[in-house]
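# dropping a prediction and its sequence here:
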Amino acid sequence: MEAGQLWRQYVIAGIANIAMASIAYSMGWTSPIYIKLQDENLTDSPLPAPLTIDESAWVGSFLPIGAIMGSFIGGLAASKIGRKWSLLCAAMSQFVGWILVAAATKVGFLYGGRVFWGITLGMLFTVLPMYCAEIATDDVRGALGSLLQAFMNVGYLLVYGIGPFTSYSVVAYVGMAFVAVFAICFFFMPETPVYHLSKNERELAAECLKRIRGRSRAGVESEVNQMADHISSSMEKTATLADVFRGSNFKAFYITCALLFFQQFSGINAVIFYMSSIFRAAGSDLDWSISTIIVGVIQLVASMLTPLVVDRLGRRIPLLVSTFGTATSLGLLGMYYLVSDQKSPVVSSIGFLPILSMVLFIVTYSWGLGPLPWALLGELFPIEVKAVATPIISGFCGILTFLVTRYFEPIANALGMYVVFWLLGVCCAAGFFFTLFLVPETKGKSLQEIQDMLAGRKSRAGKA
């Protein structure tokens, strides 16, 4: 068999994931910018008055509202215009969001910008895992799927590093440039061969596969035939909404939805959106801007390890480590806030604990809960059902994100920050036991083998 060039898959997936870095920059924008927008002196705010607590909550919450819409737009676009052009359309939505944010003179502009960013986020989470899964060979599919979290952390780190030390406008202009870099680079990347085959465009599929694999036309013929046979059998019937809730499809559905529930109710988006506020409220010794940068660096390093090990350790072990670690760190963070609220003298000697807890949380989240639910989404569903199930699952994730970001701060103010962190920690502990007993291992299995495993039948496909 012709050897090919494995690096091409990583390069193409990496360029595609620049979109995730760009949207993460937008998601992390709230952490340094909230401080500017809530400043009573309005030193570096385009608004006529400081943001109220309620307005801040809505600025955070409009993004997941947009993501719910974007998930359905992305699912429709992926099947109609392809994965590549769907991702480019998502970039256009994000650029519109940045124009509104850069031109903001009233809080309504921020609401609108966050909605457009949310549409982008929903489209990316719907289409990007599909794109990476469809260009990947079986032996690197987990690694390519895990790039999503690593690139998101690049975006977070960039906005944490730039935001506290530059003006509101500069942060917005860098965000626009980020989107432009993705759109220009990704324009030259191929569509997925699976999409072309689903449209009966066999020669275009073969040309795509030649670019992705780095092989000759003859060298990809066998893989094209295998893909075509699988797609042909999958597309013989058109999947409906009811198909998502039948048999092995329902098993894939509830596993993916449950993992995304544990992902979101780890509190990750609340932590990202309100990180600077959390550090300021904790009163730790380090300046909040330095604390967020430290967390961002560690977050990036940790997430870069996942693609290196996920196809060796599988999916279950990183998920187990991740849920255990996030539960532990949230428990410690809750304990710090409890003794802080009680004005205990011990607080002065454990000022390091918020940063230590946040670092443990981010590291272990980045190893499993962050990337792997989305990687599994790209693996567990058959092709004809994936197009129907993915928008529903992404929309469900958007609803969860909205609930956490909208009500995190009000509940924390009403009950105490320690209560919120302990509740989130309990959710992560539940995720540990769910993974232990119900999540299947997909390491090294072809998409057909995974379907056979979920259905409880002997595999009909040999390993690629």
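That came in fine, so what should we check first? Residues are numbered from 1 along each chain as shown.

# low pLDDT regions in the stretch 351-464 of the chain?
459-464 (pLDDT under 70).

# show me where it has its strands.
Using DSSP state E, counting those that start in this stretch, the stretch 351-464 of the chain contains no strands.

# that one: helices as residue ranges?
353-364, 372-380, 383-415, 417-438, 447-455 (DSSP state H, counting those that start in this stretch).

# can you check the stretch 201-350 of the chain too?
202-213, 217-234, 241-244, 247-264, 268-273, 275-282, 288-313, 316-341.

# mind checking which of the ones you listed is nearest Phe116?
helix 268-273 (17.0 Å; C-beta to C-beta). C-beta here means a position set from N, CA and C on the backbone, and glycine is covered the same way.

# quick one: mean pLDDT for that closest one?
Summarised as a single mean, pLDDT over helix 268-273 is 72.

# got it, and stretch 242-249?
pLDDT averaged over stretch 242-249 gives 86.

# CA atoms only: put it into PDB for me.
The C-alpha trace of stretch 242-249 is given here as PDB (Å, rounded to 0.1, in the frame of the first residue of the first chain):
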ATOM      1  CA  ALA A 242     -37.200   9.400  15.100                       C
ATOM      2  CA  ASP A 243     -34.100   7.400  14.000                       C
ATOM      3  CA  VAL A 244     -32.000   9.300  16.500                       C
ATOM      4  CA  PHE A 245     -34.000   7.800  19.300                       C
ATOM      5  CA  ARG A 246     -33.900   4.200  18.100                       C
ATOM      6  CA  GLY A 247     -31.500   1.300  19.000                       C
ATOM      7  CA  SER A 248     -27.800   2.000  18.900                       C
ATOM      8  CA  ASN A 249     -28.400   5.600  17.700                       C
END
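
# am I right that Ala13 is in contact with Ala133?
No - look at Ala13 against Ala133 with C-beta atoms under 8 Å: they stay out of range, at 9.8 Å.

# returning to that earlier point: just name the most buried of the helices of the stretch 201-350 of the chain.
Most buried of the helices of the stretch 201-350 of the chain, by mean neighbour count (mean count of other C-beta atoms under 10 Å): helix 268-273, with a mean of 23.

# distance check, the residue of the chain most remote from its centre against Met335.
Residue farthest from the centre of the chain, counting by C-alpha atoms, centre = their mean, is Pro345 at 39.7 Å. In this view, Pro345 and Met335 are 15 Å apart by C-beta to C-beta, to the nearest Å.

# ditto for Gly175
37 Å.

# again, but for Leu369
From Leu369 to Met335 the distance is 21 Å (C-beta to C-beta).

# could you do Pro373 as well?
28 Å.

# do Thr120 as well
On the measure of C-beta to C-beta, Thr120 and Met335 end up 37 Å apart.

# what's the answer for Gln448, then?
Counting by C-beta to C-beta - Gln448 and Met335 are separated by 48 Å.

# and Ile35, by the same measure?
26 Å.

# which residues does the residue nearest to Pro373 when sequence neighbours are not counted contact?
Nearest non-adjacent residue to Pro373, counting by C-beta to C-beta, 6 or more residues apart in numbering: Leu259, 3.9 Å away. By C-beta atoms under 8 Å, 6 or more residues apart in numbering, the residues touching Leu259 are 319, 369, 372-373, 376, 431, 434-435, 439.

# now, which of these sits nearest Arg211?
Of these, the one sitting nearest to Arg211 (C-beta to C-beta) turns out to be Leu376, at 27.0 Å.

# what's the burial count for that closest one?
24 (other C-beta atoms under 10 Å).

# turn the contacts of Leu259 into TSV, including distance to Asp341.
Shown next, in TSV, are the contacts of Leu259 (distance: C-beta to C-beta, whole Å):
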residue	distance to Asp341
Leu319	33
Leu369	28
Leu372	35
Pro373	33
Leu376	39
Gly431	27
Phe434	31
Thr435	33
Val439	37
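
# returning to what we had before: any residues in contact with both of Ala13 and Ala133?
Leu144.

# thinking again about what came up before, of all the helices of the stretch 201-350 of the chain, which lies closest to Leu454?
Comparing the helices of the stretch 201-350 of the chain under C-beta to C-beta, the one sitting nearest is helix 247-264, at 3.8 Å.

# gap between that closest one and the chain center?
Distance of helix 247-264 from its chain centroid, counting by C-alpha atoms, centre = their mean, to the nearest Å, is 16 Å.

# that helix to helix 417-438, inter-axis angle?
Interaxial angle, helix 247-264 versus helix 417-438 (axes from the mean of the first three to the mean of the last three C-alpha atoms, to 10 degrees): 150 degrees.

# quick check: angle from helix 247-264 to helix 383-415?
30 degrees.

# angle of helix 247-264 against helix 372-380?
For helix 247-264 against helix 372-380, the angle by the same axes, to 10 degrees is 170 degrees.

# pick the most deeply packed of the helices of the stretch 351-464 of the chain.
By mean count of other C-beta under 10 Å, the helices of the stretch 351-464 of the chain have helix 372-380 as the most buried, with a mean of 26.

# list of residues touching that helix?
125, 129-130, 132-133, 141-142, 145-146, 148, 252, 255-256, 259-260, 263, 306, 310, 315, 318-319, 322, 386, 390, 393, 439, 442, 447, 450, 454.

# make it 6 Å
129, 133, 142, 145-146, 148, 252, 256, 259-260, 263, 315, 319, 442, 450 (C-beta atoms under 6 Å, 6 or more residues apart in numbering).

# if anything else comes up later, I'll come back, but that's it for now.
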